[in-house]
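Participant: build me a model:
(chains A and B)
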Amino acid sequence: GAGVSQSPSNKVTEKGKDVELRCDPISGHTALYWYRQSLGQGLEFLIYFQGNSAPDKSGLPSDRFSAERTGGSVSTLTIQRTQQEDSAVYLCASSFSGGSNYGYTFGSGTRLTVV
Amino acid sequence: GDSVTQMEGPVTLSEEAFLTINCTYTATGYPSLFWYVQYPGEGLQLLLKATKADDKGSNKGFEATYRKETTSFHLEKGSVQVSDSAVYFCALSDQGAGSYQLTFGKGTKLSVIP
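Facilitator: Next up, the predicted model:
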């Protein structure tokens, strides 16, 4: 596609429920990143995928968070047993290579609200 | 660890005013520096970048110069427009720490009034 596509754009869920957020990167981009944008906190790195290499999960805040990338393309971020502090905008980005000097292209994000 | 500090917002300016948004950083290696912009309801877009000391990044009338001696990358524009209203993020990637990850500042919201 022409850009990074994320769905849904908005998600309201009840505390304790599981949610899945989807990211469809730009075709041909081998690297994919998830960030979380919380109010007043800037952007927090969550996870990074590069080709077929093992993902860098060092930014995931707890074991309730997981992500996968199927076929080197679409990625799904899953949050289990959601908590109110999980409310944030979840941003996905992709790039041609793992080096950020190539520039990321970000999606518009999924706004998650846990009530 | 690496960090980016940028001036607190919000910043409100009249159209055609001069803009400066300060950004300083700490890094273990020799970072590349970026400014991203987020317009309302949209994702982040790369505005400009600089990869080595004294480089000047520029785009859409915005400029920022990589100052290693002051560890700064301040964003400037000579004459802002209403369409520049957005949130601006300073960021770095540290080649020594793994260049794939961007470390962001908290963002500065700019509002330009006619």
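
Participant: what packs against the lowest-mean-pLDDT helix or strand in chain B?
Facilitator: In chain B, no helix or strand scores lower on mean pLDDT, DSSP states H and E than strand B:103-104, which sits at a mean of 90. Identification of packing neighbours for strand B:103-104 by 3 or more Cβ pairs under 8 Å, 6 or more residues apart in numbering or on different chains; DSSP states H and E yields strand A:42-50, strand B:3-6, strand B:86-94. C-beta coordinates here come from the backbone N, C-alpha and C atoms, glycine included.

Participant: tell me the helix or strand right after the shortest one.
Facilitator: Just to be clear, that refers to strand B:3-6. strand B:11-14 (DSSP states H and E).

Participant: repeat that for the first one.
Facilitator: Later in the chain than strand A:42-50, the nearest helix or strand by DSSP H and E is strand A:65-69.

Participant: ok, back up a step: note down every partner strand of the least confident helix or strand of chain B and its orientation.
Facilitator: According to DSSP bridges, strand B:103-104 has the following sheet partners: strand B:86-94 (antiparallel).

Participant: state the pLDDT value of the residue nearest the centre of chain A.
Facilitator: Nearest residue to the geometric centre of chain A (Cα atoms, centre = their mean): A:Trp34, 3.2 Å. According to the prediction, A:Trp34 has pLDDT 96.

Participant: repeat for the one 5 residues further on
Facilitator: Residue-level confidence at A:Leu39 comes out at 79, pLDDT.

Participant: ok, back up a step: deepest-packed of the helices and strands packed on strand B:103-104, please.
Facilitator: Comparing the helices and strands packed on strand B:103-104 by mean neighbour count (mean count of other Cβ atoms under 10 Å in any protein chain shown), strand B:86-94 ranks first with a mean of 24.

Participant: avg pLDDT for it?
Facilitator: On average, strand B:86-94 scores 92.

Participant: circling back: quick one: closest of the helices and strands packed on strand B:103-104 to A:Asp86.
Facilitator: Ranking the helices and strands packed on strand B:103-104 by proximity to A:Asp86 (Cβ to Cβ) places strand A:42-50 first, at 11.5 Å.

Participant: tell me the angle the closest one makes with strand B:86-94.
Facilitator: Relative orientation of strand A:42-50 and strand B:86-94, computed by axes from the mean of the first three to the mean of the last three Cα atoms, to 10 degrees: 50 degrees.

Participant: skip the chain neighbours and tell me the closest residue to A:Asp18.
Facilitator: A:Gln80 (4.9 Å; Cβ to Cβ, 6 or more residues apart in numbering or on different chains).

Participant: need phi/psi at that neighbour.
Facilitator: Main-chain dihedrals, A:Gln80, degrees, to the nearest 10: phi -100, psi 150.
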